[in-house]
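**Q** I would like to see how this sequence folds:
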Amino acid sequence: MVLAGREGSRRVLTAVDDAARTLGLRPGMAVSKAQALVPGLEIRPAVPEADLQSLERLALWVMQRFSPIVAVDAPDGIVIDSTGADHLHGGEAALLKALLGRLTLSGVAARAAIADTWGAAHALARWNADPVFIAAPGARVPVLSPLPLEALRLSGLVSVGLRDLGFACIGDLIGQPRAPLTRRFGPDLCRRLDQALGLASEPIEPIRPADLISVRRAFAEPIAAAETIARYIGKLVVTLCAAMEERGLGARRLDLLCHRVDSRIETVRIGLAMPLRDPKRLTRLLSDRIETIAPGFGIEIMSLTAVLAEPLAAKLAASSLIAAPVPDLSGLIDTLTNRVGARAVYRIAPVASDVPERSLERVPALAADTGAGWPDHWPRPSRLLPHPELIETMALLPDHPPNWFSWRGVRRRVHRADGPERIFGEWWKRDAELAAVRDYFRIEDEAGERFWIFRAGDGEDAATGSHRWFLHGIFG
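**A** This next block holds a predicted model:
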């Protein structure tokens with residue numbers, strides 16, 4: 001299947017599926033040629049307006065969850081300025097992994113690249129990412145040089161004209177005299193090349209739907225002092241909280257955009273564990289991040305937007321003098337989350353599984369309690385290793401604990417033991433676990449240290465496991 005649209009007076013392919021691509025069809029190919037190459041080809045009309053609307057919805061979703069500055073990179077891309085937001089996801093690589101993972105779960109196939117400039121990221125995402133690529137800072141020329149001319153976002157006629165002159169890749173253009181190229185192909189060629197190399201600016205105008213709650217302040221004279229920035233942050237927060245109160249909303253995520261006089265935008269994003277519109281707390285969280293703002297020659301516009309907001313009802317103070325105050329940890333959680341990232345602040349919640357390593361998961365620190373719990377008929381270790389570690393032992397089969405075991409090069413003699421506790425495999429998840437079992441023992445060595453070990457298998461039937469021993473946890 002292919003999509004067809006018009007390019008001037010020609011009817012060309014605008015998109016092809018994997019099956020059509022394997023048959024030699026490519027976007028930009030004339031429809032008549034495609035029909036001659038592949039009889040019975042299914043052709044559907046392209047709808048660029050619907051594609052653009054879908055991209056805008058996707059860009060809004062990315063803006064709300066990943067970065068304050070996001071824009072549509074038509075016809076098939078989204079550009080993201082991750083500066084100031086990547087630390088909330090654990091770094092650039094973790095941000096890309098999380099982004100592509102969420103898109104894959106939603107049925108969207110994507111490739112992504114991180115580079116110093118919009119033009120470089122555009123080219124690398126389409127011609128080098130598999131499925132991700134992170135360019136080293138300042139390495140624009142080496143990574144762009146081998147890419148084809150089309151990676152510069154040039155028109156088809158300009159690319160064809162350059163190939164007629166012997167240019168095959170971007171590296172062939174770097175270092176060439178600009179005047180002859182500009183006279184023959186116009187100013188767009190050198191402008192796109194300079195944008196990709198970082199020699200010309202290309203600001204990103206972030207998408208901002210009309211229904212978002214946002215406040216903005218322009219300055220007659222640019223500001224740069226941290227004290228001045230903090231003062232105007234406080235004023236913006238008060239105005240924003242008043243607007244949210246009118247709608248009965250509380251902020252879950254705020255974006256502060258500082259537009260500099262050199263057209264760069266400095267961003268600060270804070271996340272909140274619970275909906276909030278307390279001006280003092282929001283001002284403190286934003287002011288704590290002022291040190292990440294580089295004002296340059298001055299900031300001429302500041303805007304504050306609640307990119308995620310949820311209903312928040314007004315609360316009345318408790319009238320009882322004897323009522324115990326309810327502890328509120330949201331302030332501490334918000335402070336920690338915005339300093340070290342949301343991935344580093346969590347709590348462990350139980351999962352309905354008898355297999356120990358599957359019986360827990362990370363959840364947000366203030367996630368609602370589901371009421372589930374861990375088995376309490378057998379004690380569980382206070383520390384569970386990320387993966388069971390193989391140990392050497394000597395034990396009588398099938399039901400006896402080992403007399404000694406060696407773990408990480410240290411041999412320990414068993415003084416006391418309790419068990420076995422038999423845990424069966426989850427056969428409804430994997431066929432390989434249909435007959436698998438583990439026999440767990442709590443053991444104590446001569447030094448008084450207690451460990452949780454298991455034997456893979458029942459000690460008799462080889463189909464139940466390898467009968468090798470592993471250490472899985474340590475009791476406090």
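**Q** so which residues of the stretch 101-250 of the chain form strands?
**A** Using DSSP state E, counting those that start in this stretch, the strands of the stretch 101-250 of the chain run over residues 112-114, 132-134, 213-223, 249-260.
**Q** so which of the ones you listed gets nearest Val158?
**A** Among these, strand 112-114 comes nearest to Val158, with 22.9 Å by CB to CB. Quick note: C-beta positions are derived from backbone N, CA and C, even for glycine.
**Q** which ones are touching Arg264?
**A** Taking CB atoms under 8 Å, 6 or more residues apart in numbering, we find Arg264 in contact with Ser201, Pro203, Gly296.
**Q** could you tell me which of those count as buried?
**A** Among those, not one is classed as buried by 16 or more other CB atoms under 10 Å.
**Q** re the thing from before, the strands of the stretch 101-250 of the chain into TSV, with extra columns for distance to Gly473?
**A** TSV is the format used below for those (distance: least, CB to CB, whole Å):
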stretch	distance to Gly473
strand 112-114	38
strand 132-134	35
strand 213-223	48
strand 249-260	36
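**Q** any idea which strand is longest in this protein?
**A** strand 410-424 (DSSP state E).
**Q** for that strand, buried residues please.
**A** If you call a residue buried by 16+ other CB under 10 Å, then strand 410-424 has these buried ones: Arg412, Val414, Ala417, Gly419, Pro420, Glu421, Ile423.
**Q** so which of those residues sits lowest on pLDDT?
**A** Lowest-confidence member of the buried residues of strand 410-424: Gly419, scoring 86 (pLDDT).
**Q** contact partners for it?
**A** Pro401, Asp439, Tyr440, Phe441, Arg442.
**Q** lowest-confidence one in the residues you listed?
**A** Lowest pLDDT among those: Pro401, 90.
**Q** name the nearest residue to that one, sequence neighbours excluded.
**A** Ala417 (3.6 Å; CB to CB, 6 or more residues apart in numbering).
**Q** who's that neighbour bridged to?
**A** Ile443 (DSSP bridges).
**Q** that one touches Phe441, doesn't it?
**A** Yes - look at Ala417 against Phe441 with CB atoms under 8 Å: they come within range, at 5.4 Å.
**Q** scan this protein for its longest helix.
**A** Counting by DSSP state H, the longest helix found in the chain is helix 226-247.
**Q** ok, back up a step: ok, of the buried residues of strand 410-424, which one's closest to Ile290?
**A** Ile423 (52.5 Å).
**Q** quick one: that closest one and Tyr232, what's the gap?
**A** Separation of Ile423 from Tyr232 (CB to CB, to the nearest Å): 60 Å.
**Q** now Ser330. Its backbone dihedrals?
**A** When read as degrees, to the nearest 10, the backbone of Ser330 gives phi -60, psi -30.
**Q** my bad, Ala462
**A** phi -70, psi -20.
**Q** any idea of the pLDDT on it?
**A** At Ala462, the pLDDT recorded in the model is 88.
**Q** OK, contacts around it?
**A** No contacts exist for Ala462 under CB under 8 Å, 6+ apart.
**Q** any idea how far it is from Leu384?
**A** 27 Å.
**Q** equivalent analysis for His89, please.
**A** Distance of His89 to Leu384, given as CB to CB: 26 Å.
**Q** okay, the two: which has more neighbours?
**A** His89 (21 against 17; other CB atoms under 10 Å).
**Q** ok, for the more buried one, nearest residue in space, not its chain neighbours?
**A** Leu95 (4.1 Å).
**Q** neighbours of the one you found, just the number please.
**A** Using other CB under 10 Å, Leu95 is surrounded by 21 other residues.
**Q** again, but for Ala109
**A** 9.
**Q** what's the answer for the one 4 residues further on, then?
**A** A total of 21 residues lie near Ala113 under the criterion other CB under 10 Å.
**Q** kindly report the same for the one 10 residues further on.
**A** Burial of Ala123 is recorded as 26 neighbouring residues (other CB under 10 Å).
**Q** care to break the chain down by domain?
**A** 2-46, 52-197, 213-311, 383-474 (automatic domain parsing).
**Q** low-confidence regions, the protein specifically.
**A** 84, 315-326, 375 (pLDDT under 70).
**Q** centre of it to the edge, which residue is at the far end?
**A** Leu396 (50.0 Å; CA atoms, centre = their mean).
**Q** surely Ala123 is in contact with Ala151?
**A** Yes - between Ala123 and Ala151 a contact is recorded at 3.5 Å, counting by CB under 8 Å.
**Q** give me phi/psi at the nearest residue to Gly156 once chain neighbours are set aside?
**A** In this structure, Gly156 finds its nearest non-sequential neighbour in Gly28, 6.6 Å apart by CB to CB, 6+ apart. Here is the backbone geometry of Gly28 (degrees, to the nearest 10): phi 100, psi -10.
**Q** distance to Glu357 added to the domains of the chain, as CSV?
**A** Formatted as CSV, the domains of the chain follow (distance: least, CB to CB, whole Å):
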stretch, distance to Glu357
domain 2-46, 37
domain 52-197, 21
domain 213-311, 27
domain 383-474, 7
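**Q** what's around Ala463, how many residues?
**A** 11.
**Q** that one should be in a strand, yeah?
**A** No - read with DSSP: H, G, I helix; E, B strand; the rest coil, Ala463 is helix and lies in no strand.
**Q** run through the residues that contact it.
**A** Going by CB under 8 Å, 6+ apart, Ala463 touches Ala435.
**Q** mind running it again at 10 Å?
**A** Contacts of Ala463 were listed using CB atoms under 10 Å, 6 or more residues apart in numbering, and they are Leu434, Ala435, Ala436, Val437, Gly457.
**Q** what is the nearest of the residues you listed to Thr239?
**A** Comparing those against Thr239 with CB to CB places Ala436 closest, at 61.3 Å.
**Q** burial of the residue nearest to Ala85 when sequence neighbours are not counted, as a residue count?
**A** Distances taken as CB to CB, 6+ apart place Ser67 nearest to Ala85, at 4.3 Å, with adjacent residues excluded. When neighbours are counted by other CB under 10 Å, Ser67 registers 23.
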